[in-house]
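> Sequence and predicted structure are below.
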Amino acid sequence: MKNEVIHWFDADYTLWNTNAKLWILNKKNPSKYLLRVSQHEANNIISGLYKNDGHEINYNGITGWISQELWIKIQRTKQLSEEEIGLSIREYQDDDLIETQTENLLIYINNILHLAGTKDVINILTARGRRNSHTKLLTKLKDHLATHDINIHDAIFVNDPSNVPNVGTTSEKKMLIILQNIVGYKISNQQFEPILMDKYDVSNFYDDEEQNIEECKNINMWLHKYLTNTIPWLKQKIEERVSINKPTLYLNQITSNELNPFITNKIDIKII
């Protein structure tokens, strides 16, 4: 299948706000939170932004560094050492907690309204896992968008291993999904495989997280890396397609400016 244009939309803070947050918890009492932090703040913690503050935490495979400001807030709640503190994504994993998020769902219709009536393909590309747990949320979102003549084709949950292999960071997984649908072949084991995918000459990606946008700015480097590992006949075929079709990727970072809601960068896909 070949289509001209596809739009990839992140979910949280791009298409919706469910008020779901991550937990700062005491490992000895993980069923309750000490504090709730936004997804943006959690990304800062995991990315190492506050590493110089020296408060490293580890829990259930999640490692990060909390800021001095957050450290003080935690200590005011309960005196704990770094070894006793963890970051939990329970509100994004627990089926019951996810289902309750439909009650106060806020949909950012203005971020997608420009696509009303389009025949372009529109997909969701979210960092969330557990796709099956999000059925009600997706249904509510799709029903609302349909009233504006906007139709969602598919939803990819990059941190659900049944959707995307559990390899690399969330940003890398999002980039991988976008790239394989630009090239038209599946990416697996750090190479292109002779398995056909839908392909698009023009791709648009919308996300509120800067690191996801920045990763996609390196998409030509990743294309080169995967091609290096690809079997010769397929590598040649992909290189010819890219050279002839000259695919384009538009990166749209969501802003809080209602007059200019996107910061847009154009990336020409090319062989380097």
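Looks like it came in fine. Remember, predicted model here, so these are calculated numbers, not experimental data.
> okay, the residue lying closest to residue 188 once chain neighbours are set aside: pLDDT?
The shortest distance from residue 188 to any residue other than its chain neighbours is 7.0 Å, reached at residue 165 (C-beta to C-beta, 6 or more residues apart in numbering). Glycine gets a C-beta too; all of them are placed from N, C-alpha and C. pLDDT recorded at residue 165 is 81.
> quick one: the residue in the chain sticking out farthest from the centre and residue 50, what's the gap?
Most distant residue from the mean C-alpha position of the chain: residue 79, 34.4 Å away (C-alpha atoms, centre = their mean). According to C-beta to C-beta, to the nearest Å, residue 79 and residue 50 sit 20 Å apart.
> those helices in this structure, which residues are they?
39-47, 68-77, 95-100, 135-146, 170-183, 210-217, 219-228, 232-245 (DSSP state H).
> now the last one and helix 170-183, what's the angle there?
In other words, helix 232-245. Orientation of helix 232-245 against helix 170-183 (axes from the mean of the first three to the mean of the last three C-alpha atoms, to 10 degrees) gives an angle of 80 degrees.
> Contacts for helix 232-245, please.
Helix 232-245 is contacted from outside by 183-185, 192-194, 201, 223, 227, 230, 269-271, using C-beta atoms under 8 Å, 6 or more residues apart in numbering.
> Same question for the second one.
With C-beta under 8 Å, 6+ apart as the contact definition, helix 68-77 has outside contacts at 24, 34, 35, 37, 41, 45, 50, 53, 55, 66, 80, 85.
> The third one - nearest residue in space that isn't next to it in sequence?
On the basis of C-beta to C-beta, 6+ apart, the spatially nearest residue to residue 35 that is not a chain neighbour turns out to be residue 24, at 4.3 Å.
> Would you confirm that the one you found contacts residue 34?
Yes - the criterion here is C-beta atoms under 8 Å, and residue 24 meets it with residue 34 at 5.0 Å.
> Now the common contact residues for those two.
74, 85.
> Neighbour count for these two, which is higher?
More crowded of residue 24 and residue 34, by other C-beta atoms under 10 Å: residue 24, with 26 against 17.
> Could you give the bridge partners of the more buried one?
On the basis of DSSP bridges, residue 24 is bridged to residue 35, residue 87.
> Residue 222 versus that one, what's the distance?
As judged by C-beta to C-beta, residue 24 and residue 222 stand 33 Å apart.
> Can you give me the neighbour number for residue 270?
By other C-beta under 10 Å, neighbour count at residue 270 equals 14.
> ok, now which ones touch it?
Counting by C-beta under 8 Å, 6+ apart, the residues that residue 270 touches are 220, 242, 243, 246.
> Skipping adjacent residues, who's closest to the first one in space?
Nearest non-adjacent residue to residue 220, counting by C-beta to C-beta, 6+ apart: residue 272, 5.3 Å away.
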